[in-house]
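Colleague: The sequence isn't on hand, but the structure is:
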């Protein structure tokens with residue numbers, strides 16, 4: 001049965017909600033966020049005060065306390081607690097105080113997201129109802145992949161994306177940083193990648209790229225909100241931007257022309273060229289050096305004009321470069337047809353492919369990340385009349401993005417081999433933040449619930465009632481969104 005959260009409109013649905021009687025907690029000029037004195041807690045206290053101040057218009061201050069100090073009236077207390085899992089949290093609201101406890105700073109961020117959704121305007125003030133919420137995620141990897149290669153979305157736009165992800169308890173921002181149309185990260189070992197291939201985009205639109213400092217600042221901003229960045233450099237296909245910058249990567253020794261179309265599968269590296277292996281080693285080494293998380297994505301998809309033996313050699317080269325740099329490998333599902341080291345993450349996207357390689361890879365120690373194109377590719381049109389997006393995987397309305405179970409997609413997988421869920425948005429037709437948000441919302445909230453909430457607690461009718469209250473929130477934040485006819489949206 002779904003968690004009893006309908007009246008509170010919480011998304012994703014929590015594991016347990018107990019609504020109490022009595023007066024609500026009122027956020028006022030006297031409200032104070034209290035936290036411990038560790039650096040992680042101090043950072044969270046500042047974030048919590050910012051979130052509460054922005055949501056309510058009140059100025060909420062931060063106070064640092066001794067671990068044993070009791071909660072005072074008016075406090076919103078954040079506490080690290082023993083006995084709770086890494087992202088497990090508890091939010092307890094009574095008329096005098098709020099306490100958010102969790103087993104880790106990431107768990108406290110999840111609790112803050114719930115507290116933010118609990119806040120309501122009532123009689124001119126912002127209040128939270130008396131309630132106890134106890135919660136933990138179904139999946140450890142809950143991601144969103146954003147293609148910044150077809151059209152570039154810079155630090156300002158991606159900070160908006162990160163804030164949205166944190167609000168719905170997503171914890172991985174996967175950045176597709178390179179493709180045929182452009183290269184989006186400046187790397188010290190290969191400066192021509194950004195200098196020569198950073199300025200192009202689909203249809204000749206303006207490009208752009210992240211400097212090292214901009215990328216590191218984005219990674220830090222995301223980390224403070226419980227979101228880790230997984231960078232993707234797509235090889236051995238989708239590489240025309242690299243070939244345009246460095247002609248030694250082509251058999252002819254000459255750079256290719258810039259490409260601004262949307263076809264796929266025509267570009268490729270060559271395993272036998274002397275320049276290829278050093279290129280992979282340098283590029284993945286540079287990317288790993290500016291990425292504090294444990295994963296780097298090597299791409300591996302849609303190499304349509306290469307023999308399998310050469311493909312496997314190049315996947316092995318890229319994987320070795322990533323592992324040599326101290327990171328774990330992630331790749332699109334095609335890499336499952338090659339020998340993989342245990343622990344490699346295989347990102348499943350094309351449900352038309354024979355499932356046997358995924359089952360074999362999982363039995364050999366790989367883990368599966370579920371991003372089915374027909375459910376989680378949020379650049380697909382909502383319907384035939386949607387002006388943005390593509391249709392190769394069909395149309396994805398809100399219920400389509402909600403009604404699926406990640407562990408049931410591939411029959412025969414060993415129990416526990418599904419590491420998580422990731423929505424994906426490709427940007428061939430998306431040029432602005434409004435375009436991006438229109439395709440993400442409300443479907444990202446649906447995928448977030450698939451990723452967070454256990455299947456026995458998910459229910460479409462309950463979800464559509466809860467998400468109906470989130471339209472006004474998105475309006476208040478200035479976010480564009482699609483008013484799906486499948487939901488009776490609240491107004492104001």
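Modeller: It's in. What you see is a predicted model, and the numbers here were worked out from it, not measured in a lab. Numbers count the residues shown, from 1 in each chain.

Colleague: Show me where the stretch 251-400 of the chain has its helices.
Modeller: 276-289, 308-324, 356-363, 373-376, 398-402 (DSSP state H, counting those that start in this stretch).

Colleague: Highest mean neighbour count out of those helices?
Modeller: helix 373-376 (a mean of 24; mean count of other C-beta atoms under 10 Å). For the C-beta atoms, the positions are set from N, CA and C on the backbone; glycine is no exception.

Colleague: Can you list the helices and strands that that helix packs against?
Modeller: Applying 3 or more C-beta pairs under 8 Å, 6 or more residues apart in numbering; DSSP states H and E, one finds that helix 373-376 contacts helix 398-402, strand 418-425.

Colleague: Any chance of a markdown table for those, columns distance to residue 18?
Modeller: Shown next, in a markdown table, are those (distance: least, C-beta to C-beta, whole Å):
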| stretch | distance to residue 18 |
| --- | --- |
| helix 398-402 | 25 |
| strand 418-425 | 27 |
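
Colleague: Residue 301: which of the ones you listed is closest?
Modeller: strand 418-425 (11.2 Å; C-beta to C-beta).

Colleague: can you list contacts of the helix or strand following that closest one?
Modeller: Per DSSP states H and E, the first helix or strand lying C-terminal to strand 418-425 is helix 433-440. Helix 433-440 is contacted from outside by 144, 146, 153, 157, 160-161, 164, 378-379, 388-389, 423, 425, 427, 429-430, 474, 479-482, using C-beta atoms under 8 Å, 6 or more residues apart in numbering.

Colleague: Repeat that for stretch 339-346.
Modeller: 141, 295, 312, 316, 319, 323, 328-333, 335-336, 358, 361-362, 364-369, 419.

Colleague: Out of the helices and strands packed on helix 373-376, which is closest to residue 24?
Modeller: Using C-beta to C-beta, the nearest of those to residue 24 is helix 398-402, at 30.1 Å.

Colleague: just how off-centre is the closest one within its chain?
Modeller: Computed by C-alpha atoms, centre = their mean, to the nearest Å, the chain-centroid distance of helix 398-402 equals 18 Å.

Colleague: That helix packs against which elements?
Modeller: Using 3+ C-beta pairs under 8 Å, 6+ apart, helix 398-402 sits against helix 373-376, helix 443-452, helix 460-467.

Colleague: Among those, which comes closest to residue 120?
Modeller: helix 460-467 (13.9 Å).

Colleague: Now do the buried residues in the closest one.
Modeller: 462, 463, 464, 465, 466, 467 (16 or more other C-beta atoms under 10 Å).

Colleague: Residue 331 versus residue 428, what's the distance?
Modeller: Distance of residue 428 to residue 331, given as C-beta to C-beta, to the nearest Å: 22 Å.

Colleague: out of those two, which sits in the more crowded spot?
Modeller: Neighbours were counted for residue 428 and for residue 331 using other C-beta atoms under 10 Å; residue 331 has more, 28 against 19.

Colleague: Can you name the residues that contact that one?
Modeller: Contacts of residue 331 by C-beta under 8 Å, 6+ apart are 297, 298, 299, 300, 315, 319, 344, 345, 346, 347.

Colleague: rerun that using 7 Å as the cut-off
Modeller: Residue 331 is in contact with 297, 298, 299, 300, 315, 346, 347, counting by C-beta atoms under 7 Å, 6 or more residues apart in numbering.

Colleague: For residue 21, state which of the residues you listed is nearest.
Modeller: Residue 21 lies nearest to residue 347 out of those, by C-beta to C-beta, at 46.9 Å.

Colleague: so what's the closest one bridging to?
Modeller: residue 332, residue 369 (DSSP bridges).

Colleague: Touching, it and residue 332? I think so.
Modeller: Yes: with contact defined as C-beta atoms under 7 Å, residue 347 reaches residue 332; the gap is 5.2 Å.

Colleague: Among those two, which residue is more densely surrounded?
Modeller: Remark: of residue 347 and residue 332, residue 347 carries more neighbours, 28 against 23, as counted by other C-beta under 10 Å.

Colleague: where's residue 20 relative to residue 8, distance?
Modeller: 12 Å.

Colleague: between those two, who's got more neighbours?
Modeller: For residue 20 versus residue 8, the count of surrounding residues by other C-beta under 10 Å is larger for residue 8: 22 against 14.

Colleague: before we move on, the earlier item: what touches both of residue 20 and residue 8?
Modeller: residue 131.

Colleague: Now do the buried residues in stretch 88-105.
Modeller: Residues of stretch 88-105 classed as buried: 88-94, 97-105 (neighbour count, 16+ other C-beta under 10 Å).

Colleague: Over to stretch 334-343?
Modeller: For stretch 334-343, a neighbour-count test (16+ other C-beta under 10 Å) marks 334, 335, 336, 337, 338, 340 as buried.

Colleague: And for stretch 38-45?
Modeller: So, applying 16+ other C-beta under 10 Å, buried residues of stretch 38-45: 41, 44, 45.

Colleague: And the average pLDDT for it is what?
Modeller: For stretch 38-45, mean pLDDT is 90.

Colleague: now the stretch 51-200 of the chain, which segments are flagged as low pLDDT?
Modeller: Residues of the stretch 51-200 of the chain meeting the criterion pLDDT under 70: 67-69.

Colleague: Spell out the residue ranges of the strands in it.
Modeller: Using DSSP state E, counting those that start in this stretch, the strands of the stretch 51-200 of the chain run over residues 61-64, 75-80, 89-93, 98-102, 120-122, 125-128, 131-135, 141-147, 172-176.

Colleague: what's the spacing between residue 120 and residue 8?
Modeller: 9 Å.

Colleague: Check residue 347 too.
Modeller: For residue 347, the distance to residue 8 equals 33 Å [C-beta to C-beta].

Colleague: for residue 341, same thing?
Modeller: Counting by C-beta to C-beta - residue 341 and residue 8 are separated by 44 Å.

Colleague: and what of residue 426?
Modeller: Taken as C-beta to C-beta, the span from residue 426 to residue 8 is 34 Å.

Colleague: what's the closest non-adjacent residue to residue 188?
Modeller: The shortest distance from residue 188 to any non-neighbouring residue, by C-beta to C-beta, 6 or more residues apart in numbering, is to residue 286 (6.0 Å).

Colleague: Tell me the pLDDT of that neighbour.
Modeller: pLDDT, residue 286: 98.

Colleague: Please spell out which residue in the protein sits farthest from the middle.
Modeller: residue 252 (38.9 Å; C-alpha atoms, centre = their mean).
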